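Asks: I'll drop the sequence and a predicted model, then ask my questions.
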Amino acid sequence: MTEQDEDRADAFFHALSDRTRRDILRRVLAGEHSVTALAAAYDMSFAAVQKHVAVLERAGLLTKRRHGREQLASGDVDAIRSVASMLGELEGVWRGRIVRIEELIQEG
Amino acid sequence: MPVTDVTKNLDARTLTITAEFAAPIERVWQVYADPRQLERVWGPPSHPATVVEHSLVPGGRVHYFMTGPDGEKYYGGWNVLTVDEPNRFTIEDFFADEGFQPAAGMPVAQGEFRFESSGDGTRATFTTTYDTVEALQQTLDMGMEEGATQATNQIDRLLAEG
């Protein structure tokens, strides 16, 4: 794993290490929720829920958008998975090019 | 394998791949300065590239097409942005129509090619950034797939474990 993958894994596991965050993620994966609606579901302050949402957002598991005065959150696992796998495919393209450069150079 | 490092930035849709070649920096630069050499490395064996215009100077263009196994052609080009021979050049890599005009709605990638002398050899760093997720998807859809199965996907694995 590269350093960046390690950082990503840290953020990922940190985000999922908390019961409330896992619960928030389950809700937003099922559909878009306003942060206000999420906050109402827990026995904690709006600010505390907002912090949990921010941790999930930094880990790339959740995205937020503004709708009027509301902040709407949705789960983004699919997007992260597909970008990761597409960059993986692109890596295959570049590895092929690098092998061909090496072969060409070694011809002399 | 000469590849020494691969870094993916998912949020920025950037792939950075570093390789060490056992040749002086001028030799590696030549691969890009000579269209006959460039076409031998750019397209995969299934989609060989043909370079039909080549001007590796700031503001210059490189035009190429790749020919797929069934004879289908994919047209593309580079807008050459900056050139600092033999250390670095930057391009916009675009998909084009048959007249090599950038195709509307087709993906554009930003590319940086950087070369540094390293002992007797050359360290090359290739950075590619796609403006949008859709651009990345379209690029892979258009016959550029190569070695996809060998590519690993750390996040997928983490999710599968989690």
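Replies: Thanks, I have the structure now.
Asks: Domain map for chain A?
Replies: Following automatic domain parsing, one finds the domains of chain A at A:1-75, A:77-108.
Asks: quick one: residue B:19 and residue B:114, what's the gap?
Replies: The gap separating residue B:19 from residue B:114 is 11 Å, by Cβ to Cβ, to the nearest Å. Heads up, the C-betas are built off the backbone N, CA and C, glycines and all.
Asks: should've said residue B:35
Replies: 21 Å.
Asks: Show me which of those two is the more surrounded one.
Replies: Neighbour count, other Cβ atoms under 10 Å in any protein chain shown: between residue B:35 and residue B:114, residue B:35 has more, with 20 against 16.
Asks: Which residues are in contact with each of residue B:19 and residue B:114?
Replies: Taking Cβ atoms under 8 Å, 6 or more residues apart in numbering or on different chains as the criterion, residue B:19 and residue B:114 both touch B:124, B:126.
Asks: Mind jotting down where the strands sit in chain A?
Replies: Counting by DSSP state E, the segments of chain A that form strands are A:33-34, A:62-67, A:70-75.
Asks: Check chain B too.
Replies: With strands called from DSSP E, chain B shows them at B:3-9, B:14-21, B:49-54, B:61-67, B:73-84, B:88-96, B:108-118, B:121-130.
Asks: returning to that earlier point: export the strands of chain A to CSV and tack on distance to chain B, mean neighbour count and mean pLDDT?
Replies: Listed next are these as CSV, based on distance: least, Cβ to the nearest Cβ, whole Å; neighbours: other Cβ atoms under 10 Å in any protein chain shown; pLDDT from 0 to 100:
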stretch, distance to chain B, mean neighbour count, mean pLDDT
strand A:33-34, 21, 19, 94
strand A:62-67, 11, 14, 92
strand A:70-75, 12, 18, 91
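Asks: now the ones you listed in JSON lines, with distance to residue B:8?
Replies: Formatted as JSON lines, these follow (distance: least, Cβ to Cβ, whole Å):
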{"stretch": "strand A:33-34", "distance to residue B:8": "29"}
{"stretch": "strand A:62-67", "distance to residue B:8": "19"}
{"stretch": "strand A:70-75", "distance to residue B:8": "21"}
